[in-house]
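[1] here are the coordinates; sequence isn't available:
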């Protein structure tokens, strides 16, 4: 049934779906059912729920959010970087939602779940094993395009950051692609233009990188943050690494946490049949990302006021200076050039600051106002 309730004068739709005892209704095997508290960062205008989306526990999603404090700096260096095009990290209407979900604890491979900007629909894909060298990385990322010269070159160009992790030289990249015909060249040029407007414009391999196109099935995917492909390789082992590669790697290993993927195929439905692996028990609270971020940044700035005050504009969070001060305060000195910076803030204190907005609405304690959202829960 559908009921209307009010929150601060704003109408909120609450969908209440009753579960009875009919054998046709999907349930998680009680022997393996566990409850998890998870978080999801996304656009306020994104489709509701966590169908075909990723979530994280508190440390995992804190990492996902805090790795982007230096995003403006990263995108100036590498505007084709994944998160520079990702609406879940760079949109102006980001919100963060806290949920309690029940899952089947027989976890499967973690799926990369992303939105197609053309359709506003989400899809998940699971990665195969990581490549062992440059040649294997080229085959895995751009193999489908190898014989379509211009498309292949587009793939290599848009996956430069991925290939850098495997120490691919310019010569290796240039030699990989074979010739193409005029039709392929024209199509690749159109794809390149579309790619500039977001994911989904280029070919699948060029647009999404390692592992795209492998179905995940119904199990809830689980992955340690430190096992994710983006931080699996120590930047100190690559001659192509940037300061933001070190920040990303150091932050993942400092904060840790888990990521989860929940596919539409695995969702428990009231009228469905067969196996299911997850359902939302409670949507606890949703806050604006700007409110949450402001509290976290304030907390970090208090740890290293001299560094931040030494920036030409201490309040401008998009500058290179601000990013350097932030990560050195969080991770320790030289966090942008060393894989073992010394000092930093205890990870538990950092995660507590990140979760404070959900604990109350008292701004003096880091609380953020709860904003209306649609609940999609089986109760």
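    Everything's here; your move. Small disclaimer: the values here were computed from a predicted structure and weren't measured.
[2] Residue 249 and residue 157, how far apart?
    Plainly put, residue 249 is 24 Å away from residue 157 if you go by CB to CB, to the nearest Å. All C-beta atoms are positioned from the backbone trio N, CA, C, and that covers glycine.
[3] same question but for residue 45, I mixed them up
    For residue 45, the distance to residue 157 equals 30 Å [CB to CB].
[4] More neighbours: those two, which one.
    residue 157 (16 against 10; other CB atoms under 10 Å).
[5] isn't that one right up against residue 80?
    Yes. In this structure residue 157 lies within contact range of residue 80 using CB atoms under 8 Å: 7.4 Å.
[6] Do you have the helices of the stretch 201-350 of the chain handy? List them.
    Secondary structure of the stretch 201-350 of the chain (DSSP state H, counting those that start in this stretch): helices at 204-208, 243-255, 289-301, 305-309, 320-331, 347-359.
[7] Pretty sure residue 370 sits against residue 359.
    No. If you go by CB under 8 Å, residue 370 and residue 359 don't touch, sitting 11.4 Å apart.
[8] Surely residue 33 and residue 104 touch.
    Yes. Counting by CB under 8 Å, residue 33 touches residue 104, with 6.6 Å between them.
[9] Wasn't residue 101 part of a helix?
    No. Residue 101 is assigned strand when assessed by DSSP: H, G, I helix; E, B strand; the rest coil, not a helix.
[10] From residue 286, how far out is it?
    Per CB to CB, residue 101 is found 15 Å from residue 286.
[11] Over to residue 231?
    Applying CB to CB, the value for residue 231 to residue 286 is 27 Å.
[12] pLDDT below threshold where in the stretch 101-250 of the chain?
    Counting by pLDDT under 70, the ranges of the stretch 101-250 of the chain that qualify are 127-132, 161, 165, 179-214.
[13] can you give me the strands in it?
    Remark: strands assigned in the stretch 101-250 of the chain by DSSP state E, counting those that start in this stretch are 111-116, 121-126, 221-224.
[14] JSON lines for these, including mean neighbour count and distance to residue 95?
    Listed next are the strands of the stretch 101-250 of the chain as JSON lines, based on neighbours: other CB atoms under 10 Å; distance: least, CB to CB, whole Å:
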{"stretch": "strand 111-116", "mean neighbour count": "23", "distance to residue 95": "14"}
{"stretch": "strand 121-126", "mean neighbour count": "19", "distance to residue 95": "16"}
{"stretch": "strand 221-224", "mean neighbour count": "19", "distance to residue 95": "23"}
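[15] Reformat those strands as TSV; add distance to residue 262.
    Converted to TSV, the strands of the stretch 101-250 of the chain look like this (distance: least, CB to CB, whole Å):
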stretch	distance to residue 262
strand 111-116	8
strand 121-126	8
strand 221-224	8
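[16] So which of those strands is nearest residue 291?
    With CB to CB, the closest approach to residue 291 among the strands of the stretch 101-250 of the chain belongs to strand 111-116: 23.0 Å.
[17] Show me what the closest one is packed against.
    Judged by 3 or more CB pairs under 8 Å, 6 or more residues apart in numbering; DSSP states H and E, the packing partners of strand 111-116 are strand 53-56, helix 87-90, strand 121-126, strand 258-262.
[18] To residue 366, which of these lies closest?
    With CB to CB as the criterion, residue 366 lies closest to strand 53-56 of the helices and strands packed on strand 111-116, at 19.2 Å.
[19] Please point out which parts of the closest one sit buried.
    With burial defined by 16 or more other CB atoms under 10 Å, the residues of strand 53-56 counted as buried are 53-56.
[20] tilt between whichever helix or strand comes after that strand and helix 243-255?
    Following strand 53-56 in sequence order, the next helix or strand is helix 58-66 (DSSP states H and E). Counting by axes from the mean of the first three to the mean of the last three CA atoms, to 10 degrees, helix 58-66 lies at 160 degrees to helix 243-255.
[21] What is helix 58-66 packed up against?
    On a contact count with 3+ CB pairs under 8 Å, 6+ apart, helix 58-66 meets strand 33-43, strand 53-56, helix 243-255, strand 258-262, helix 289-301, helix 347-359.
[22] Pull the residues that contact that helix.
    Helix 58-66 has contacts (CB atoms under 8 Å, 6 or more residues apart in numbering) with 37-41, 55-56, 96, 225, 251-252, 255-259, 289, 292-293, 296, 330, 347, 350-351, 354-355.
[23] ok, and for the next helix-or-strand element following that helix, which residues are buried?
    As assigned by DSSP H and E, the chain's next helix or strand after helix 58-66 is helix 71-77. Within helix 71-77, the residues that count as buried by 16+ other CB under 10 Å are 71-75.
[24] Helix 71-77 - contacts with which helices or strands?
    Helix 71-77 is packed against helix 82-85, helix 87-90, helix 243-255, helix 320-331, with contacts defined by 3+ CB pairs under 8 Å, 6+ apart.
[25] pLDDT (mean, whole number) over the second one?
    In this model, helix 87-90 carries a mean pLDDT of 88.
[26] so what does that helix touch, helix or strand wise?
    Applying 3+ CB pairs under 8 Å, 6+ apart, one finds that helix 87-90 makes contact with strand 33-43, helix 71-77, helix 82-85, strand 111-116.
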